[in-house]
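**Student:** need coordinates for the below:
(one chain, ligands or ions: 1)
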Amino acid sequence: MVRYSIIHEKNPREILLLRGSGCRWRKCAFCDYHLDCSTDMEENDRINQEAMSHVTGVYHHLEVINSGSFPELGAGTLQALVDLCKKKNIHTLHFECHWLYRDQIAPWRAAFSRVGTQLKVKIGVETFDAQYRETVLKKGIRETDPASIAAMFDECCLLFGLSGQTVDSMTHDISLGLRYFERVCVNVFIENQTDIKPDVDVIRAFTENVLPRYADNARVDILLNNTDFGVGAKEDGHEK
Ligand code: SF4
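**Tutor:** As a prediction, the model looks like this:
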């Protein structure tokens, strides 16, 4: 598994894909992405230390993703990340986090802030249509007001390519994301082992009518493939 990568373009940063205990939520209807995990935290720490050894601090900017939320990385890996940020002079660190861990964000913001690192926490809202999000996607975000979500999280992910989405709905989601959050990451849905299937017409509508509008926006990342950040593919070149 490729666990280290560098993005040189928009928002240049190093990226780590680390392994944690696994997503505690595990109910999102579209997701089978929570398979890269283990309850053997010692082995996770060892794998994560190896991945972290590649970080140079070249951009003083690091993003950590895991198949779940950052608290699931465990105290050992999180403390190692604090030490790494201090050693490599990382001024900004991005984490991903589910709504259910929102109370754990503030203490970790403080811990990283003590070594000079600003934490940016990203939530997968997928869409601001709360009814669709909760009844179809089963995201488990009780809050419907984007401003209230943004009061705790800095960045959001959106998921496009689902039946029912339109150019207007996708544009509206990105607009709300940009209004309330510092950054927006758009993921285009790729077929996986869940019952939810990508809608090719929606994906075409996105690539033809929505993507061109935001492709050069420095606050918008667009992932047409879930390995576009350069991590997550197997070392032999095959996707996981
Ligand atoms: S919170 Fe993330 S990892 Fe967990 S089920 Fe949902 S999308 Fe998958």
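**Student:** tell me the contacts of Asp195?
**Tutor:** Ala29 (CB atoms under 8 Å, 6 or more residues apart in numbering). Where you see a C-beta, it was placed from the backbone N, CA and C, and this is true even at glycine.
**Student:** ranges for the strands of the chain?
**Tutor:** With DSSP state E, the ranges of strands along the chain come out as 4-7, 13-18, 61-66, 92-96, 118-126, 155-160, 183-188, 220-223.
**Student:** got the contact list for the last one?
**Tutor:** So the one you mean is strand 220-223. 10-11, 174, 178, 183-188, 211, 214-215, 229.
**Student:** please apply the same query to the fourth one.
**Tutor:** For strand 92-96, the surrounding residues in contact (CB under 8 Å, 6+ apart) are 13, 60-66, 68-70, 81, 85, 108, 112, 117-124, 155, 157.
**Student:** ok now that strand, how far from the chain's centre?
**Tutor:** 9 Å (CA atoms, centre = their mean, to the nearest Å).
**Student:** check the last one too.
**Tutor:** Strand 220-223 has its C-alpha centroid displaced from the chain centroid by 11 Å (CA atoms, centre = their mean).
**Student:** give the rounded mean pLDDT of it.
**Tutor:** Mean pLDDT, strand 220-223: 94.
**Student:** how about it: buried residues?
**Tutor:** 220-222 (16 or more other CB atoms under 10 Å).
**Student:** report the central residue of the chain.
**Tutor:** Nearest to the mean C-alpha position of the chain, by CA atoms, centre = their mean, lies Glu96 at 4.7 Å.
**Student:** CA atoms of stretch 113-126 as PDB?
**Tutor:** Output in PDB follows, covering the C-alpha atoms of stretch 113-126 (Å, rounded to 0.1, in the frame of the first residue of the first chain):
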ATOM      1  CA  SER A 113      -1.000  24.200  18.600                       C
ATOM      2  CA  ARG A 114       1.600  23.800  21.400                       C
ATOM      3  CA  VAL A 115       4.200  22.700  18.800                       C
ATOM      4  CA  GLY A 116       3.200  25.500  16.300                       C
ATOM      5  CA  THR A 117       0.900  23.400  14.100                       C
ATOM      6  CA  GLN A 118      -2.500  24.500  13.100                       C
ATOM      7  CA  LEU A 119      -5.000  21.700  12.800                       C
ATOM      8  CA  LYS A 120      -7.500  21.800   9.900                       C
ATOM      9  CA  VAL A 121     -10.200  19.200  10.400                       C
ATOM     10  CA  LYS A 122     -12.200  17.900   7.400                       C
ATOM     11  CA  ILE A 123     -15.700  16.400   7.700                       C
ATOM     12  CA  GLY A 124     -17.400  14.300   4.900                       C
ATOM     13  CA  VAL A 125     -20.800  16.000   4.600                       C
ATOM     14  CA  GLU A 126     -21.100  14.700   1.100                       C
END
